[in-house]
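Engineer: I would like the atomic coordinates for the input below:
(chains A and B)
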There are 2 protein chains.
Amino acid sequence: MPAHFHLLLTDPHSAARRGRLRTRHGVVETPIFMPVGTQATVKALTPAQVREVGAQIILSNTYHLALRPGSKLIREFGGLHQFMGWDGPILTDSGGFQVFSLAKLRRVTDGGVSFQSHLDGAQVFLGPREVMELQMDFGSDIAMVIDECPAYGASRDDVARAVARSTRWAMACRDIARDTGFLANGHHVFGIVQGSTFDDLRREAAAALVALDFPGYAIGGVAVGEEEPEMLQQVAATAPHLPADKPRYTMGLGTPPQILKMIELGVDMFDCVLPTRLARNGAAFTPHGVVNLRNERHRNSREPLVAGLDNYTCRNFTVGYLRHLVMAGEILGCTLLTLHNVHFYLDLVRQARAHLEAGDFAAWSRAWIANYEGGAG
Amino acid sequence: MPAHFHLLLTDPHSAARRGRLRTRHGVVETPIFMPVGTQATVKALTPAQVREVGAQIILSNTYHLALRPGSKLIREFGGLHQFMGWDGPILTDSGGFQVFSLAKLRRVTDGGVSFQSHLDGAQVFLGPREVMELQMDFGSDIAMVIDECPAYGASRDDVARAVARSTRWAMACRDIARDTGFLANGHHVFGIVQGSTFDDLRREAAAALVALDFPGYAIGGVAVGEEEPEMLQQVAATAPHLPADKPRYTMGLGTPPQILKMIELGVDMFDCVLPTRLARNGAAFTPHGVVNLRNERHRNSREPLVAGLDNYTCRNFTVGYLRHLVMAGEILGCTLLTLHNVHFYLDLVRQARAHLEAGDFAAWSRAWIANYEGGAG
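Structural biologist: Residues are numbered from 1 along each chain as shown, chains lettered A, B, ... in the order given. Here you go, the predicted structure:
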């Protein structure tokens, strides 16, 4: 089987990488941002709009889809791509994280985790077999293993136990993916490195997962309540222990500067709800930071959100009109701001790739962050 | 000045007409349906999507825009077309009807109507000068006069007084439109025939307005609580008293069969919130009636909403997926159903125009209605 990931170059001034990931539904140029399509839709956008803003791959959430509409229904419809009308690659998480953040009355055993659906209270059980079957029903291009993510501030003993259990679950997921032909058919499965703030546990977890030879690796258990420096420290403590020839992914992160900082630490893939969620709250990303369109000072602005940014929102609408839509509670406001915000993130990683190729990534990235954090947005 | 409305043909078997209306922002082929863009947006659609489904003209609501964001702001932005990014024709109502249906503490005098804003309680006054200035600020292609719409069941005396007052207001609006050059610049102003269920009052109202030589006429005071036969009776009692060489418009109506029945009575223009509002409630129009996507029976449907209907929703998505979006409360569900419903209405009037040209409108229309009302939708 040909290599599914090509490391095209490594930045001479940082650990940043430029790569290319092959999937059953097309090639992904890394570093890449994956718009979040939790319930089989990137909120407020049509698949055509998702494509139009340059998305190469999207993420969807196994927990939500398993509860509604259910994986068997999606399989009947020919899989998640056909169901939602998106023909590009899809990465799905395992659902484990949502069990810990959304579900009620959960109980973790060595076999998996049982919980009550947050929708209707139904009892559900997720173990390695269940999460792999769900993601096989979806036809995910990249499936994630189930893992146990300890709460921020958990004791070393608790974290060590979670790492050991996550490693066993990862092995079980890999075996299922291998034995069912899921891997051989070109689907990828990524392992997830836990270990919280304990560098040695992260190193051990990484070594154990690398021995299982996953097609890619996620750095898990970050952004669960810790401050940014600690989050970046955990990423820095993990990335060097992952193989150079496999893609690396931090789940559920982050702000634009955080994404650039993690690229600099050698991470290739990102997903985050910020661009879609902030849009629904009436906020927009700009090179000078986030602007809240509810602010009265935008009322008379006949400028685009970001001059020269080539997306439908910036080409056609003024800040003053967008503010009107937000103040009037109009759905079109959500749509136009989501389109812009998602494009902003995708354009950021596009620029990052271009600067990696030009050899000036680190300097550009620091200047970009300084401009963003300088404000006046 | 060349005639702005060309009556291309009249159906040999009914009063239905095929016409062409010229406006400052382009030509409108009639009979036509106007999607409603109350707050300077057709709810849940981008202007590109509104154009894509075949809209030739949209309606916007003066009452709402006057209160938020205000007509002066819209004028600063270059008018309503520029503000909202729609370069086709726009018809605006006068705001009078919303004052009677939405505003609190209203007081009607011969000068106009004063009321409290439903948004913030501010005192507002609308008379002929105010509604014309608002619509001139917007740059409306078609402005409507202010009128007094009596409640359904009002006494003959009350209706007669409302007709007399509406006629005086209509004259004042026309004089303002003439004296300011609004008419000479190619904007149109339509008079509105009131008279409730009193045929003779409608005939008198029509005669008085026709004497004022408006570029078009609306049949007002219908669909304010009466049953459909009575509504159609009022339309039938008014249309013959309007000049054949001017467009006719019934405001705020109706279901697909009602639109066909009114076309048959000689009406040319329609607007209605049903396609957009039902979409947001999870309902879709089909040739067999309205379907509610919340119904469990749609869960496994891999069919399009309407097979062969050429819109983005029907080309790309199954009923089962649309139902999932509705059940999950996803914005994309509103967008895709709105796009379909608005296209359904526009396709209906497109078919009506084609059958008028083919000479078989009345037979086609009756068969279409029978099929629609036969159900199984």
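Engineer: Just give the nearest non-adjacent residue to A:Ser365, would you?
Structural biologist: A:Leu260 (4.5 Å; Cβ to Cβ, 6 or more residues apart in numbering or on different chains). Heads up, the C-betas are built off the backbone N, CA and C, glycines and all.
Engineer: which residues touch the residue minimising distance to the centre of chain A?
Structural biologist: With distances taken as Cα atoms, centre = their mean, the residue of chain A nearest its centroid is A:Asp271 (2.0 Å). Residues counted as contacts of A:Asp271 (Cβ atoms under 8 Å, 6 or more residues apart in numbering or on different chains) are A:33-36, A:59, A:91, A:251-253.
Engineer: for it, phi and psi?
Structural biologist: With angles defined as degrees, to the nearest 10, A:Asp271 sits at phi -140, psi 150.
Engineer: re earlier: same list (the contacts of A:Asp271) but as TSV, adding secondary structure.
Structural biologist: As requested, the contacts of A:Asp271 are exported to TSV (DSSP: H, G, I helix; E, B strand; the rest coil):
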residue	secondary structure
A:Phe33	strand
A:Met34	strand
A:Pro35	coil
A:Val36	strand
A:Leu59	strand
A:Leu91	strand
A:Met251	coil
A:Gly252	coil
A:Leu253	strand
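Engineer: Could you restrict the residues you listed to the ones contacting chain B?
Structural biologist: Contacts with chain B within the contacts of A:Asp271, as defined by Cβ under 8 Å from any Cβ of the partner chain: none are present.
Engineer: quick check, nearest of these to A:Ala358?
Structural biologist: The shortest distance between A:Ala358 and any of the contacts of A:Asp271, using Cβ to Cβ, involves A:Phe33 and amounts to 19.6 Å.
Engineer: What's the separation between that closest one and A:Ile58?
Structural biologist: According to Cβ to Cβ, to the nearest Å, A:Phe33 and A:Ile58 sit 10 Å apart.
Engineer: what does A:Phe125 give?
Structural biologist: Summarising the geometry, the distance separating A:Phe125 from A:Ile58, computed by Cβ to Cβ, is 27 Å.
Engineer: Setting aside sequence neighbours, what's the nearest residue to A:Asn341?
Structural biologist: Distance criterion Cβ to Cβ, 6+ apart; nearest residue to A:Asn341, sequence neighbours excluded, is A:Pro275 at 3.5 Å.
Engineer: The one you found contacts A:Phe285, doesn't it?
Structural biologist: Yes. A contact is recorded between A:Pro275 and A:Phe285 when judged using Cβ atoms under 8 Å, the distance being 6.6 Å.
Engineer: Identify the contacts common to the two.
Structural biologist: Jointly contacting A:Pro275 and A:Phe285 under the rule Cβ under 8 Å, 6+ apart are A:341, A:344-345.
Engineer: where do the strands sit along the stretch 151-300 of chain A?
Structural biologist: Assignment of strands within the stretch 151-300 of chain A using DSSP state E, counting those that start in this stretch yields the ranges A:188-193, A:216-219, A:248-250, A:269-271, A:283-286, A:289-292.
Engineer: Using JSON lines, lay out these together with distance to B:Gly26.
Structural biologist: Written out in JSON lines, the entries for the strands of the stretch 151-300 of chain A read as follows (distance: least, Cβ to Cβ, whole Å):
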{"stretch": "strand A:188-193", "distance to B:Gly26": "51"}
{"stretch": "strand A:216-219", "distance to B:Gly26": "53"}
{"stretch": "strand A:248-250", "distance to B:Gly26": "50"}
{"stretch": "strand A:269-271", "distance to B:Gly26": "44"}
{"stretch": "strand A:283-286", "distance to B:Gly26": "32"}
{"stretch": "strand A:289-292", "distance to B:Gly26": "35"}
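Engineer: Turn the ones you listed into TSV, including mean pLDDT.
Structural biologist: Output for the strands of the stretch 151-300 of chain A, formatted as TSV (pLDDT from 0 to 100):
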stretch	mean pLDDT
strand A:188-193	98
strand A:216-219	98
strand A:248-250	98
strand A:269-271	98
strand A:283-286	98
strand A:289-292	98
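Engineer: for those, which one sits closest to B:Gly111?
Structural biologist: Among these, strand A:289-292 comes nearest to B:Gly111, with 41.6 Å by Cβ to Cβ.
Engineer: Give me the sheet partners of the closest one and which way each runs.
Structural biologist: Paired with strand A:289-292 in the same sheet, following DSSP bridges, are strand A:283-286 (antiparallel).
Engineer: neighbour count winner among A:Phe125 and A:Ile58?
Structural biologist: In terms of neighbours (other Cβ atoms under 10 Å in any protein chain shown), A:Ile58 is the more surrounded of A:Phe125 and A:Ile58; the figures are 25 against 13.
Engineer: Contacts only, for that one.
Structural biologist: Counting by Cβ under 8 Å, 6+ apart, A:Ile58 touches A:34-37, A:42, A:50, A:86, A:88-91.
Engineer: could you redo the last one with a cut-off of 7 Å?
Structural biologist: Contact analysis of A:Ile58 by Cβ atoms under 7 Å, 6 or more residues apart in numbering or on different chains lists A:34-35, A:37, A:42, A:50, A:86, A:88, A:90.
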